[in-house]
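K.L.:
Build the 3D model from these lines:
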Amino acid sequence: IEDAIKSAVIKRGGRILGICLGMQLLGSQSTEDGMAQGLGLVPNKVERFNNNTKNPTLKVPHVGFNTVKFSENKGLFSNLPRNSDFYFVHSYRMLSEHVTGLIGECSYIENFLAAFEVSNVMGTQFHPEKSQTNGLQIIKNFLTA
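P.N.:
The predicted model follows:
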């Protein structure tokens with residue numbers, strides 16, 4: 001399946017939207033289960049949230065609504081406020097280094113990459129299908145672009 005996905009996205013220019021774990025799989029590697037290789041469609045690494053020593057009320061996994069701050073309101077993030085709430089449930093997060101293009105960042109224990117659009121490769125750590133109006137707008141933007 002890895003070859004089929006890469007062929008569809010890289011060779012034929014197909015668009016892909018990874019949601020939650022799907023976004024993490026688009027990266028280069030993950031520390032989950034030792035060290036796992038991703039698809040490498042973006043060069044970012046995925047790591048578990050660090051232990052929270054600053055605010056013990058913030059637990060892992062990160063579950064619930066949280067604010068995502070978008071770099072720009074276009075593409076996947078069109079017709080959304082720059083600060084929009086989305087629903088999360090995850091213990092691992094993609095590091096925000098090496099990303100060019102449109103991004104959305106979130107803060108929970110630490111800042112992390114919550115969404116990105118790099119050409120035809122897009123990802124959301126949050127669940128748009130559980131994020132009410134804002135999430136439906138993300139899905140609409142992906143399907144109509």
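K.L.:
thought N44 was touching G27?
P.N.:
Yes: using Cβ atoms under 8 Å, N44 is in contact with G27, at 4.5 Å. For every residue, glycine as well, the C-beta is placed using N, CA and C.
K.L.:
who's more crowded, the two?
P.N.:
For N44 and G27, the more surrounded residue by other Cβ atoms under 10 Å is N44, and the numbers stand at 26 against 23.
K.L.:
Tell me which residues touch the more buried one, please.
P.N.:
The contact partners of N44, by Cβ atoms under 8 Å, 6 or more residues apart in numbering, come to G27, S28, M94, L95, S96, E97, H98, V99, L113.
K.L.:
so how many other residues sit close to the second one?
P.N.:
Going back to what we said before, that points to S28. The number of residues packed near S28 is 16, by other Cβ under 10 Å.
K.L.:
Find the residues that touch each one of N44 and G27.
P.N.:
What both N44 and G27 touch, as defined by Cβ under 8 Å, 6+ apart, is the set M94.
K.L.:
Show me what the helix or strand where G135 lies is packed against.
P.N.:
Element membership of G135 [criterion: DSSP states H and E] is helix 132-144. Helices and strands touching helix 132-144, by 3 or more Cβ pairs under 8 Å, 6 or more residues apart in numbering; DSSP states H and E, are strand 83-90.
K.L.:
Buried residues of the strand it packs on, list them for me.
P.N.:
Under the neighbour-count criterion of 16 or more other Cβ atoms under 10 Å, strand 83-90 has S84, D85, F86, Y87, F88, H90 buried.
K.L.:
just stretch 76-84 next, same as before
P.N.:
Under the neighbour-count criterion of 16+ other Cβ under 10 Å, stretch 76-84 has L76, F77, S78, L80, S84 buried.
K.L.:
now those in JSON lines, with distance to N141?
P.N.:
Listed next are the buried residues of stretch 76-84 as JSON lines, based on distance: Cβ to Cβ, whole Å:
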{"residue": "L76", "distance to N141": "5"}
{"residue": "F77", "distance to N141": "7"}
{"residue": "S78", "distance to N141": "5"}
{"residue": "L80", "distance to N141": "8"}
{"residue": "S84", "distance to N141": "12"}
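K.L.:
Give the residue spans of this protein that score low on pLDDT.
P.N.:
Along the chain, segments meeting pLDDT under 70 are nowhere present.
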